[in-house]
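# here are the coordinates; sequence isn't available:
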């Protein structure tokens, strides 16, 4: 599926590839955070044959998890601190790329800007 955006993500430093054991833990974490996600959607988000990378962003403390060259989730240090969350329990926020793969499972309240309606289809509450 072609990417709807071509702007590069601002990475600080090198990308770290997830090991298979880390990918299994990440899948389990996704299941606990998003219980409506199906097995097929989970396998599409975290495929066995494609590496996942974790990269620190230039903004302090934020990181992004990418599948290939598409960022699928990010953590935001400031919002996690306000919620009193630390370390591996930081909230995983899906990007538009993840929303395209599993919209019903990952959708909460999302504002979709004009022109992107066809890219993301979220159910109405």
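Great, that's in hand. Since the structure is predicted, the reported quantities are computational estimates derived from the model, not experimental observations.

# List the buried residues for stretch 94-104?
By 16 or more other Cβ atoms under 10 Å, the buried positions in stretch 94-104 come out as 94-103. Just so you know, the C-beta spots here come from the backbone N, C-alpha and C atoms, and that holds for glycine as well.

# again, but for stretch 24-38
Across stretch 24-38, burial judged by 16+ other Cβ under 10 Å covers 26-27, 30, 34, 37.

# can I get these in a markdown table with secondary structure, distance to residue 67 and pLDDT?
A markdown table is the format used below for the buried residues of stretch 24-38 (DSSP: H, G, I helix; E, B strand; the rest coil; distance: Cβ to Cβ, whole Å; pLDDT from 0 to 100):
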| residue | secondary structure | distance to residue 67 | pLDDT |
| --- | --- | --- | --- |
| 26 | helix | 11 | 91 |
| 27 | helix | 12 | 92 |
| 30 | helix | 12 | 90 |
| 34 | coil | 16 | 86 |
| 37 | coil | 15 | 88 |
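
# of all those residues, which comes closest to residue 68?
Relative to residue 68, the closest of the buried residues of stretch 24-38 is residue 26; by Cβ to Cβ it sits at 15.3 Å.

# Contacts only, for that closest one.
Counting by Cβ atoms under 8 Å, 6 or more residues apart in numbering, residue 26 touches 18, 46, 52, 65.

# go with 10 Å
18, 42, 45-46, 52, 54, 65, 73, 88, 92 (Cβ atoms under 10 Å, 6 or more residues apart in numbering).

# Doesn't residue 42 belong to a strand?
No: using DSSP: H, G, I helix; E, B strand; the rest coil, the secondary structure at residue 42 is helix, not a strand.

# Quick check: chain neighbours aside, which residue is closest to it?
residue 27 (5.9 Å; Cβ to Cβ, 6 or more residues apart in numbering).
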